[in-house]
Structure formats: C-alpha cells, structure tokens
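1. this one's sequence-less:
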C-alpha cells in the first residue's frame, strides 16, 4: 500500500485487515506529524530541519497506533486522535534523541539512520529534544475537545513524560548499570521508562473520545501494563537475538553495557514464555470492551510477535 | 526580612515597599517550588534531589515576580498565580541546566554553585532538564482555573518554551557565534531566547486572573517586549563590566566566546542609554492600567537598574 492510498483510507475504517489498518494509521501519523511540525524553512531553519529529521520518515509508530486504536474504540474525532497520537510520538522521539547522546547511551544509529547528534551536533540534539517536548504539549493543547478533558489529557501526558514516568525510568536505568536487579526492580524500572508512555498513549486516545469510567480506566491500565512489559521483554529478546540491520539500531548493546535485562535474569526461553503470558493478560483485560477492542488486541499481538 | 516573616506576608499585599514585596514573592515562590517538586526521598532519589538542587535555593526569580505582579493586577487566585509562577521558573531553570552543559556553554558555575553536570554528571543534567520541563506543564495543568483559560495558558507556555520561543532563540544564538549580527538580528534572537519566556510570565499571571481583552494583551505585550530587551541589554552590560563573584556566574564569557552583544555592537554608554529608553517604553505601555500596575513598573526599574 502506498502512502497516498493509505492516506485516503478513512479513520478507524472497520473491516480492514490489521496490516492495512496499521499502514493506514502509520501514513496518517506521518502526514499529521509533518503538518504539526514547523516547516524546515522557518527560522531557526537548522533546528526545525533537525526536528523533522528526528520525527519524520518512519519508526514503528507503536504509540500512535495505540492512541488511534483506543481513539476508535471510544469514538474520538479525527483531529483530537491525531493530536494525541502525535503528542505521544513527539515525546517518544525526543527521548530517543537525548538517550542516544554521548553522555547517555552514545549511539550512532537509530532507525537505520545516523542519530541526531551525529547527523548534526550535540548542541542541536539537545535543543531538538527540548523543543520537541514543548511541541508535544503545544500540539495536544491545540485540540478543540472539551477543555476540562483536555486539561486532564495534558496533565496525564506531563506525568507520563516526567520524573514519575519516562524520565524517572531513564534515571533508574542509568543508576542500574552494573547492578544486579531482581525481576521486580527490573519491572518497576520498565513500567516507568517505557510503560508510562505506552499507557498514556492508550488513555489519551480514549479520553480523546469521552470521559472514562473508573472500571474502563482500570481495564485500559491493565492492558497497557501488560503490553508495556511485553514490549520490554520482547525488546530484550530481540537485543539478544536479532542483528543491527534488522533492528535499525545497534544490537547486543544491553549485554555489552552490562545492563540487567529479562534475558539476563530469566534466560531466553522463559523470557519468550513471559511475553506470551503477558499477551494473554492484555487480551483478558480487554474482555469488557468486546469485539470493538479488536485493534488493541491485534496491537498486543504485534508487540509480542514483532521481529524488530 | 527573614524567610519566615516574608512567607507570612499576604499575597499582593498593597502598601508594601517594593523591596519587601519582592522578598515576599521570592519567599512564597521558594515555598511553592518546594511543594511542587517531588520530594528528594522519592524514587528515583538522585534525579529528584538534582531537580531540587537546580530549582531551589535562590536566583532572582524575575519570571515569578513578573507573573505575580501581573496576577495581582488581574485579580488571580493565589494557587493559580503560584502555579503560573512556578511553571515559568521551572522552564527557565531547565534551560539553564541544559545551556550550562559541555555541548552548549560548558559553564561550571551558576548562581554561585557548581552547575548540575558538575555537581552530578552530564546524564543527570540532561534528565533533570527534561523532567523539569514536564514538571512545569504538570504544575500548571493542576490549576483549578476555568479549563478553557487553562488550556490557553498551557498552549502559550508550550509556544514560549519551544522552537518558536526559547529553544528557537537558543538555536539562533548557537548559530550566531562568530557571525556579525546587526542590531535587528540581535534583537530578534533575544526576543525568542529570553523575551518569549518573560512575556509569557506576564501573560500567564494575567490569565490566571481573567480573560484578557486584546488591547490589554497588546499593552502587556509591549511592556514585556521592552523589559525583555532591556533585560538582555543589561545582561550584556553586566557581562562586560561586573565580576564573576557579583554575577554568580562566569563574567566576560560572551566576549570571550566571540558572541555578538549589545555592548559589542553599540558600545557601553549607548547600551546603557538604550536600557534606560526601554525602561521608559515599559512604563508607557502600562499607562492604561493606571496605578494598579505599580509592581510591573517597579520590576521594569529593577531589571534595568540591577547590578547582577
């Protein structure tokens, strides 16, 4: 499917095969990110060009897929769903830019391209990340959804991105290099580092549609917790088994950096079994939503069964 | 005046001498920042400790002073005024942490203390900045002000912090090292780098009180534009004339780094005259608000007449 055809597919089109739905959302996300980012011609041109280099041109778009699947389930309007999807993707993209910098993971390759500090320079990478975080809040704040709900969405995004979420998990990760974490500590770290943003992707998509009852929020939370952990377990499995070309980033880095992983703690086969178990938990959490949650189920399958 | 006495002074107390009002706002801001930052005991403790090291314990608090002066003028409630003041200060504080990093200005001293990457390490400094930006949005989003107005405030904060504001100005600043900027280009850079956050400090304080008519917004904008430029002109004058101990940061850096400054373009005496002229413009812009804008007038005086 070409981008043009995918872009013409209506939002949340029912009856699409999962692969086609996914490509459609990815294409719409690419177009929306392009529209929500400042043009590369606008001053300061180098910063804007680097922001676009960072965000556009691919990636799995897992967080936008989650946001859109959830938005479809809760009847969100297209614009707010796109804003929620782009906001979480911009936060994710900024975190990758900063994580790749020499003072953090010092990685030269991301999504098969030179990382931002390599393609540009460190100062630009720092500013790109900073500006993308602000851009995420600006994009979400531009929604015309009911203001009370939008304030909640903005607050939840900030919580998930900050020291009680993604940044906090990153800090724990940094401090855990060379330490012997147990399974519980490893899980807590990943629930912050990756889980918080995956969870808020699902929740923002839903809130883009309507207010949630607490039972609905609990069910989405349980789903997000399961896929968040599964995502990380599979990441660790792939880091231990796939090659750099397949991953689009440097493979085997965690073991080389002496970072604790599910594979290093549990072993390879038990890690794969855990991912399958978490996939089952994710499906079970969605039971209250019935058939309409099919896309979220399929995304749980994708997260566990992906090869990169 | 001690912190305890200052803390007991009621918000916006009329009749206080300016110096006492300023100390009162600074003390209330310190207490509010302390309350809005995660405790240092909370995991990840090192990150939270470093966030508190960054934000607490002083600074001139120019942006909170502007926010509170404006909030008083427009009748804001204490909580929303404090949240606006702390949000802009957290954005400012994060920008200093990132600006001081080796890949940017590589500065070891800030407010008379070792900079964050020196006191901790570069990775922590990066995360402290990232987490503080998220914290700023979280703090502001926690206000109970009318949601429609709060969404506007959050959007304006994001715009001022991002590539069309502070980050954009920083990018232009980086690219201008060694270039010969003319006065207009220098002004445009500073209007983004420093001016955008000063302006939004004034505007958020006002919006914390009520919706603004466009004439009011224009007047506040003209005031903020004048003090924003004056702030930078005075910074350049001080960088050229004061010593590091007085400034609490390394003096003479701009000239050493071959950065264009008002002093290098205009000379010292004309720069001082320009600052005075801008002070007059700031006063004139406040004329529609009458006597009630006295604190904003006094802040313009402070910005021009400060010695550090």
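-> Nice, thanks for sending it over. What you are looking at is a predicted structure, and each value in this text was computed from that prediction instead of being measured.

2. make it CA atoms for all contacts and neighbour counts henceforth
-> Noted.

3. strands of chain A, residue ranges please.
-> For chain A, the strands defined by DSSP state E cover A:109-110, A:113-114.

4. most tightly packed of the ones you listed?
-> Among the strands of chain A, ranked by average contacts under mean count of other Cα atoms under 10 Å in any protein chain shown, first place goes to strand A:109-110 (a mean of 18).

5. just checking, what packs against that strand?
-> Using 3 or more Cα pairs under 8 Å, 6 or more residues apart in numbering or on different chains; DSSP states H and E, no helix or strand is in contact with strand A:109-110.

6. given that strand, what are its sheet partners and their directions?
-> Using DSSP bridges, strand A:109-110 pairs in its sheet with strand A:113-114 (antiparallel).

7. how far does the strand it pairs with sit from its chain's centre?
-> Once both centres are worked out by Cα atoms, centre = their mean, to the nearest Å, strand A:113-114 turns out to sit 19 Å from its chain's centre.

8. then stretch A:96-111?
-> The chain centre lies 17 Å from the centre of stretch A:96-111; the measure is Cα atoms, centre = their mean.

9. what does stretch A:205-212 give?
-> Offset of stretch A:205-212 from its chain centre (Cα atoms, centre = their mean): 18 Å.

10. pull out the buried positions in it.
-> Going by neighbour count (16 or more other Cα atoms under 10 Å in any protein chain shown), the buried part of stretch A:205-212 is A:205, A:206, A:207, A:208, A:209, A:210.

11. quick one on the thing from earlier: and the strands of chain A, which one averages the lowest pLDDT?
-> Across the strands of chain A, the stretch with the lowest average pLDDT is strand A:109-110; it has a mean of 90.

12. got CSV for the buried residues of stretch A:205-212, with pLDDT too?
-> Below are these laid out as CSV (pLDDT from 0 to 100):
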residue, pLDDT
A:205, 98
A:206, 98
A:207, 98
A:208, 98
A:209, 98
A:210, 97
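
13. in a markdown table: those, plus distance to chain B.
-> Formatted as a markdown table, the buried residues of stretch A:205-212 follow (distance: Cα to the nearest Cα, whole Å):
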| residue | distance to chain B |
| --- | --- |
| A:205 | 18 |
| A:206 | 19 |
| A:207 | 15 |
| A:208 | 15 |
| A:209 | 18 |
| A:210 | 16 |
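
14. and which of the residues you listed is nearest to residue A:193?
-> Nearest to residue A:193, judged by Cα to Cα, of these is residue A:205 at 19.9 Å.

15. check contacts around the most far-flung residue of chain A relative to its centre.
-> Within chain A, the residue lying farthest from the chain centre (Cα atoms, centre = their mean) is residue A:43, at 28.9 Å. Taking Cα atoms under 8 Å, 6 or more residues apart in numbering or on different chains, we find residue A:43 in contact with residue B:168.

16. recalculate using a threshold of 10 Å.
-> A:49, B:163, B:164, B:168, B:169, B:171, B:172 (Cα atoms under 10 Å, 6 or more residues apart in numbering or on different chains).

17. now the first one, nearest residue through space, not along the chain?
-> Using Cα to Cα, 6 or more residues apart in numbering or on different chains and skipping residues adjacent in sequence, the residue nearest residue A:49 is residue A:40, 4.6 Å away.

18. need the contact list for the one you found.
-> Residue A:40 neighbours (Cα under 10 Å, 6+ apart): A:46, A:47, A:48, A:49, A:50, A:51, A:52, A:53.

19. now render the residues you listed as CSV, adding distance to residue A:134, pLDDT and neighbour count.
-> Converted to CSV, the contacts of residue A:40 look like this (distance: Cα to Cα, whole Å; pLDDT from 0 to 100; neighbours: other Cα atoms under 10 Å in any protein chain shown):
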residue, distance to residue A:134, pLDDT, neighbour count
A:46, 17, 96, 19
A:47, 14, 98, 25
A:48, 13, 98, 24
A:49, 16, 98, 18
A:50, 15, 98, 21
A:51, 12, 98, 28
A:52, 14, 98, 19
A:53, 17, 97, 16
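
20. among the residues you listed, which ones are in helices?
-> The helices, defined by DSSP state H, take in A:46, A:47, A:48, A:49, A:50, A:51, A:52, A:53 from those.

21. now residue A:88: how far from chain B?
-> Here residue A:88 is placed at a distance of 13 Å from chain B (Cα to the nearest Cα, to the nearest Å).

22. my bad, residue A:192
-> Where chain B is concerned, residue A:192 sits at a distance of 10 Å (Cα to the nearest Cα).
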